[in-house]
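Novice: Take a look and give me a structure for this.
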Amino acid sequence: MTRQFSRLIALGCVAILIAAPVTALYFLINIEQFAAIAKSNLGLSIQWQTVSSVQWYSLWLSSVLSVTAGLIGLYFLRRAFSNFAKGQLFNYSNSRDLRLFSILLFAHALAKPLHFSVSSMLLSMNHPAGQKILSISFGSGEVKGIALAMILWVMSDLLIKGSKLENENKQFI
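Specialist: Residues are numbered from 1 along each chain as shown. Just a heads-up that it's a prediction; the model follows:
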């Protein structure tokens, strides 16, 4: 059952790695749709009528950069779970891939509040003096991401120790 779940996780990562750039390109081409989604999801008190196309494209670029660390992390997670699906459990490659995923997940969790702050500044640039917005948000989602990154870091260390034990056991047989 572990191999099937590992294969399913690896395929899910591939699906996200394909869908995310396609979605980003769609929103680059259809910036009005991106703007509509941003207006409904950001929850900022922005004077939306003053936001220019340049600001929307800047927000799009900021959003893509914010998501990039998470996507690179998913690439490494996919590699590890592909190996798990093949039955390759305790090896250095898996440990390294999980460690890289945990580092990138940590970076992504820290980038989310930064992205929200940059978004509030970008979208309020056209406001009159004294009405510009800097909004900072750090919530349970970021805390969960950081906790998961730390757990995966420990798991990658355990995989290294397991790999060493497996190599040691092979020498006795």
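Novice: Check the offset of stretch 86-99 from the chain's centre.
Specialist: Taking Cα atoms, centre = their mean, to the nearest Å, the mean C-alpha location of stretch 86-99 is offset from the chain mean by 20 Å.
Novice: buried set for it?
Specialist: Buried residues in stretch 86-99, counted by 16 or more other Cβ atoms under 10 Å: 90-91, 94-99. Heads up, the C-betas are built off the backbone N, CA and C, glycines and all.
Novice: Those in helices, which ones?
Specialist: Of these, the ones assigned to helices by DSSP state H are 94-99.
Novice: Show me which of these is closest to residue 160.
Specialist: Of all those, residue 95 has the smallest distance to residue 160: 4.7 Å, by Cβ to Cβ.
Novice: For the spatially most central residue of the chain, which residues are in contact?
Specialist: The centroid of the chain falls nearest to residue 70 when counting by Cα atoms, centre = their mean (2.1 Å). Counting by Cβ atoms under 8 Å, 6 or more residues apart in numbering, residue 70 touches 104-105, 108.
Novice: Which single one of those is nearest to residue 151?
Specialist: Distance to residue 151, by Cβ to Cβ, is smallest for residue 105 among the contacts of residue 70, at 10.0 Å.
Novice: So for the closest one, what's the nearest residue that isn't a sequence neighbour?
Specialist: Nearest residue to residue 105 in three dimensions, chain neighbours excluded: residue 149, at 4.3 Å (Cβ to Cβ, 6 or more residues apart in numbering).
Novice: who does the helix or strand that the one you found is a member of touch, helix- and strand-wise?
Specialist: Using DSSP states H and E, residue 149 falls within helix 140-172. Judged by 3 or more Cβ pairs under 8 Å, 6 or more residues apart in numbering; DSSP states H and E, helix 140-172 is in contact with helix 92-123.
Novice: What angle do helix 92-123 and the strand or helix carrying residue 26 make with each other?
Specialist: According to DSSP H and E, residue 26 maps onto helix 2-29. In terms of direction (axes from the mean of the first three to the mean of the last three Cα atoms, to 10 degrees), helix 2-29 departs from helix 92-123 by 30 degrees.
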